[in-house]
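*Asks:* Pasting a predicted model and its sequence here:
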Amino acid sequence: MPQEASPWILASGVFNLALGVFHLSFWRLFGWPKSLVESGTVNRGVTQILNWALTYLFVLSALICFLFPADVAGTQLGQYWLLGMAGFWLARALIQPTFFGLRHPLSVTALCVFVLGAIIHGIAWANARGI
């Protein structure tokens, strides 16, 4: 594993773990499920299930980075995982303005966080590839 990749892979893990923990706060932060009542039973369920699924994905990604950094950096599968997560965070950044606009400071902050996630994972990928 290129030595430069290790801290970036660990940073990717920290980033994903932080976002996973943040997603666990959505019930309190947004007053779920009460605030979702008007959206209907199906939408209320889908929203909460998708949030659990994303939380699982973020924690899984963090654990992969923490437990298998050499495999992440030194295998094609691991490198593809980093690139895929960079793409995930870039896509999340690109759709932020469509759904939330950029007028509110929290929306701009979220956009910056998602771009940061793409950058961290992208640098980890590039370092793992020796670029």
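*Replies:* Great, that's in hand.
*Asks:* How about the helix or strand hosting Phe99, which residues are buried there?
*Replies:* Using DSSP states H and E, Phe99 maps to helix 76-100. Residues of helix 76-100 classed as buried: 78-79, 81-83, 85-86, 88-90, 92-93, 96 (neighbour count, 16 or more other Cβ atoms under 10 Å). C-beta coordinates here come from the backbone N, C-alpha and C atoms, glycine included.
*Asks:* Read off the pLDDT value for the nearest residue to Gly13 once chain neighbours are set aside.
*Replies:* Distances taken as Cβ to Cβ, 6 or more residues apart in numbering put Cys65 closest to Gly13, at 3.1 Å, once the chain neighbours are dropped. With respect to pLDDT, Cys65 has a value of 97.
*Asks:* From Met85, how far out is Cys65?
*Replies:* According to Cβ to Cβ, to the nearest Å, Cys65 and Met85 sit 9 Å apart.
*Asks:* Show me what the helix or strand containing Asn127 is packed against.
*Replies:* According to DSSP H and E, Asn127 maps onto helix 105-128. With contacts taken as 3 or more Cβ pairs under 8 Å, 6 or more residues apart in numbering; DSSP states H and E, helix 105-128 sits against helix 5-24, helix 69-74, helix 76-100.
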